[in-house]
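Asks: show me the folded form of this:
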Amino acid sequence: MARCAAVSCRALVLLALAALLSSCASVGRDFPVSPVSQIQIGKTTQAEIRSMFGAPWRTGVEDGQRTWTYGKYKYRLFGERSTTDLVVRFDRNNVVASYSFSTTDHEE
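Replies: Here you go, the predicted model:
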């Protein structure tokens, strides 16, 4: 009986190890990337950004400007990682002052 328990324990450890090695972690939220080309510096408003992309995943301040970040990050123990992010900076009138868009998906 003890031998059977040891075999079962080893099988569980191997199963857990296999699950861990094939796992991935995701951070952020998915967001549409096609509207990125519609953003116009000095014209697009904060309300329009929210309408295009939804609520930001993170908010903050950079160099005194309000920032909204939209991001989707998938990390794998083995294999390619996948990241897409959009950072939008607003001026004091809540109009886009600048933005950056980056992705590991080269088809975007």
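Asks: OK, contacts around the residue nearest the centre of the chain?
Replies: The centre of the chain sits closest to Lys72, judged by Cα atoms, centre = their mean, with a distance of 1.6 Å. By Cβ atoms under 8 Å, 6 or more residues apart in numbering, the contact list for Lys72 reads 26, 28-31, 82-85. (Glycine included, C-beta is placed from N, CA and C.)
Asks: assign it to helix, strand or coil.
Replies: Three-state assignment for Lys72 (DSSP: H, G, I helix; E, B strand; the rest coil): strand.
Asks: report pLDDT for it.
Replies: On the pLDDT scale, Lys72 is placed at 92.
Asks: next: Tyr75.
Replies: Tyr75 is assigned 79 on the pLDDT scale.
Asks: what's the answer for Leu20, then?
Replies: pLDDT at Leu20 comes out at 53.
Asks: A helix includes Ser8, no?
Replies: Yes: under three-state DSSP, Ser8 falls within a helix.
Asks: number of nearby residues for it?
Replies: Per other Cβ atoms under 10 Å, the neighbour tally for Ser8 reads 10.
Asks: do Asp105 as well
Replies: Residues near Asp105, counting by other Cβ under 10 Å: 9.
Asks: from what I can see Ser102 touches Thr83, true?
Replies: Yes: under the criterion of Cβ atoms under 8 Å, Ser102 makes contact with Thr83 at 7.3 Å.
Asks: which residues in the chain form helices?
Replies: Ranges of helices within the chain are 2-21, 46-53, based on DSSP state H.
Asks: look at Ser102 and Thr83 and report which has more neighbours.
Replies: Thr83 (15 against 11).
Asks: quick check: that one vs Cys9, distance?
Replies: According to Cβ to Cβ, to the nearest Å, Thr83 and Cys9 sit 38 Å apart.
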